[in-house]
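Visitor: no sequence on this one, just coordinates:
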């Protein structure tokens, strides 16, 4: 049987997931030429829906969710494309907040894989990647559901990301920090150059608070491309306390709210947005895993937060400090991280605030080992009697609403789960089984 025939032989969701995993296992391939060719085969669905394009080291998912909420507050049907998913693959592609169903995913994959085979036959070795397939799926869904606007989060970087075939209404760069340095560069200027790759000639740009070195790059690229730039610092100043509020907790979410506010104002005429729509949308935004508070079955406070890189660790430091001041006790922290460059600053912060640390490795090949993480826990943590224990998600969270770490009961320990977003997804799948079984193998990229 030929590859084309086998790819067209879609059976059920489990089989489709296996095929998608096989694509993902083929690795990440950057560059937009292949995505442009794939989109052309599909009739350029990315051109059917006006788009808002969001890049950044941190905050891009939150800003995308805020913009989606603002547009929906104005009565617009929205498409939202984000990655990775927390629990289920369909979470990546949403229309008016509703995720792709298994039936829709099966149908799209059955449609797209033969097209991918056609592209590879024309140019051997150039079959679309897993992420490119998901991106095409999103564009088609938004087109077919007659979305008035699509909010599209960059997967990685910007310049060479599959989403960068868009001709958006606005390009948003939320933040610049050190992450994915092996792919994007090891200086803030280099990383900013990759993120600024989403800036298109004449298309407005909105910029969050960036380090001086990175801001200079974004301003230069915008000027070179004749793209009018609006910066959070120029409009709101440097005091985060004066920034807009949203339903998401933390000072950094006020920065994200300021960035989303400016982006919404830029496209207000295009989509009929008012200041009331902006305020209403920010007040209603929901974005799981970002300092998300809930209660365990025994009444204890549980916080889920996807701080997973050096920039995120700075934010986590402030949030944990406030939590200790609020509760009068140090929390028990469950963490797992992908790579030493991320783990080192994160564990330094956790060690400063936690009473006890439980290590749990996400089910990802890039996850740091227990030994690697233990070596990065600061000495000061142990000097005040702190303990580090190893565990697995299934044992630490044995059932819906249940957590096996720390002292139980309403007056027991506060539990914070932080680090890899993949770890948070696994924990959520255990705590809230109504979300469905976790699809960890399809999370990474």
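Guide: Nice, thanks for sending it over. Just so we're clear, the structure is a prediction, and the values are computed from it rather than from any experiment. Numbers count the residues shown, from 1 in each chain.

Visitor: Could you list the low-pLDDT ranges of the protein?
Guide: By pLDDT under 70, the low-scoring segments of the chain are 1-11, 27-28, 178-185, 444-445.

Visitor: for it, which helix is longest?
Guide: Criterion DSSP state H: the longest helix present in the chain is helix 102-122.

Visitor: Who are the packing partners of that helix?
Guide: Applying 3 or more CB pairs under 8 Å, 6 or more residues apart in numbering; DSSP states H and E, we find helix 102-122 packed against helix 3-7, helix 13-25, helix 33-41, helix 130-144. All C-beta spots, glycine's among them, are computed from the backbone N, C-alpha and C.

Visitor: would you turn the ones you listed into a markdown table with distance to residue 287 and mean neighbour count?
Guide: Below are those laid out as a markdown table (distance: least, CB to CB, whole Å; neighbours: other CB atoms under 10 Å):
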| stretch | distance to residue 287 | mean neighbour count |
| --- | --- | --- |
| helix 3-7 | 35 | 14 |
| helix 13-25 | 24 | 15 |
| helix 33-41 | 26 | 18 |
| helix 130-144 | 18 | 24 |
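
Visitor: Nearest to residue 84, out of those helices?
Guide: Among the helices and strands packed on helix 102-122, the nearest to residue 84 by CB to CB is helix 130-144 (9.6 Å).

Visitor: Would you check the distance separating that closest one from the middle of the chain?
Guide: Relative to its chain's centre, helix 130-144 lies at 17 Å (CA atoms, centre = their mean, to the nearest Å).

Visitor: now swap in stretch 36-55 and tell me
Guide: 20 Å.

Visitor: likewise stretch 339-350?
Guide: 19 Å.

Visitor: What of stretch 70-81?
Guide: On CA atoms, centre = their mean, the centre of stretch 70-81 falls 18 Å from that of its chain.

Visitor: now stretch 309-322
Guide: 17 Å.

Visitor: Then stretch 337-344?
Guide: Counting by CA atoms, centre = their mean, stretch 337-344 comes out at 17 Å from the chain centroid.

Visitor: Then stretch 60-69?
Guide: Distance of stretch 60-69 from the chain centroid (CA atoms, centre = their mean) equals 10 Å.

Visitor: Outside of that stretch itself, which residues are in contact with it?
Guide: For stretch 60-69, contacts defined as CB atoms under 8 Å, 6 or more residues apart in numbering pick out 52, 54, 56, 78, 80, 82, 94, 97, 151-154, 172, 174-175, 208, 246, 248, 253, 256-257, 259-260, 263-264, 281-282, 284-287, 290.

Visitor: Make a PyMOL selection of the buried ones in those.
Guide: To isolate the buried ones among those in PyMOL, judged by 16 or more other CB atoms under 10 Å, type:
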select buried, resi 52+54+56+78+80+82+94+151+152+153+154+172+174+175+208+246+248+253+256+257+259+260+263+264+281+282+285+287+290
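
Visitor: Please convert the helices and strands packed on helix 102-122 to TSV, extending it with distance to residue 202.
Guide: Shown next, in TSV, are these (distance: least, CB to CB, whole Å):
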stretch	distance to residue 202
helix 3-7	40
helix 13-25	35
helix 33-41	20
helix 130-144	22
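
Visitor: do you know which of those lies nearest residue 355?
Guide: helix 13-25 (38.1 Å).

Visitor: Tell me how far residue 274 lies from residue 121.
Guide: According to CB to CB, to the nearest Å, residue 274 and residue 121 sit 50 Å apart.

Visitor: Also residue 56?
Guide: Separation of residue 56 from residue 121 (CB to CB) stands at 37 Å.

Visitor: cool, residue 166 as well?
Guide: Taken as CB to CB, the span from residue 166 to residue 121 is 27 Å.

Visitor: Have a look at the two and say which one is more surrounded.
Guide: More crowded of residue 166 and residue 121, by other CB atoms under 10 Å: residue 166, with 26 against 13.

Visitor: contacting residues around that one?
Guide: Contacts for residue 166 were tallied using CB under 8 Å, 6+ apart; they are 46, 51, 53, 152.

Visitor: same thing with residue 377?
Guide: 347, 350, 351, 357, 386, 388.

Visitor: List buried residues within these.
Guide: 347, 350, 351, 357, 386, 388.

Visitor: In space, what's closest to residue 285 - neighbours in sequence excluded?
Guide: Using CB to CB, 6 or more residues apart in numbering and skipping the chain neighbours, the partner closest in space to residue 285 is residue 69 (4.1 Å).

Visitor: Contact partners for the residue nearest to residue 31 when sequence neighbours are not counted?
Guide: Nearest residue to residue 31 in three dimensions, chain neighbours excluded: residue 160, at 5.2 Å (CB to CB, 6+ apart). Counting by CB under 8 Å, 6+ apart, residue 160 makes contact with 30, 31, 32, 194, 197.

Visitor: quick one: which of those residues is nearest residue 341?
Guide: residue 194 (16.9 Å).

Visitor: What segments of this protein are strands?
Guide: Assigned by DSSP state E, the chain shows strands spanning 51-55, 78-81, 93-95, 98-99, 149-153, 170-173, 205-207, 229-231, 292-295, 301-305, 332-336, 356-360, 387-391, 415-419.

Visitor: Tell me the strands beside the second one, with direction?
Guide: Strand 78-81 pairs in its sheet with strand 93-95 (antiparallel), strand 149-153 (parallel), by DSSP bridges.

Visitor: likewise the fourth one?
Guide: Using DSSP bridges, the strands paired with strand 98-99 in its sheet are strand 93-95 (antiparallel).

Visitor: hang on, the earlier thing: run the chain-centre distance for the longest helix of the chain.
Guide: How far helix 102-122 lies from its chain's middle: 25 Å, per CA atoms, centre = their mean.

Visitor: relative to helix 33-41, how tilted is that helix?
Guide: Counting by axes from the mean of the first three to the mean of the last three CA atoms, to 10 degrees, helix 102-122 lies at 110 degrees to helix 33-41.

Visitor: Show me which positions of helix 102-122 end up buried.
Guide: Buried-residue list, helix 102-122, by 16+ other CB under 10 Å: 102, 105-106, 108-110, 112-117, 119-120.

Visitor: Please apply the same query to stretch 274-282.
Guide: So stretch 274-282, judged by 16+ other CB under 10 Å, has buried residues 277, 278, 279, 281, 282.

Visitor: Show me how to select, in PyMOL, the buried members of the contacts of residue 160.
Guide: Of the contacts of residue 160, the buried ones can be selected in PyMOL as follows, counting by 16+ other CB under 10 Å:
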select buried, resi 30+32+194+197
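
Visitor: now, which of the contacts of residue 160 lie within helices?
Guide: Filtering these for helices - DSSP H - leaves residue 194.

Visitor: which of the contacts of residue 160 lies closest to residue 235?
Guide: Using CB to CB, the contacts of residue 160 come closest to residue 235 at residue 197, 24.1 Å.

Visitor: Including distance to residue 311, could the strands of the chain go into CSV?
Guide: What follows is these, written out as CSV (distance: least, CB to CB, whole Å):
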stretch, distance to residue 311
strand 51-55, 14
strand 78-81, 23
strand 93-95, 26
strand 98-99, 28
strand 149-153, 17
strand 170-173, 14
strand 205-207, 15
strand 229-231, 18
strand 292-295, 19
strand 301-305, 13
strand 332-336, 17
strand 356-360, 21
strand 387-391, 25
strand 415-419, 14
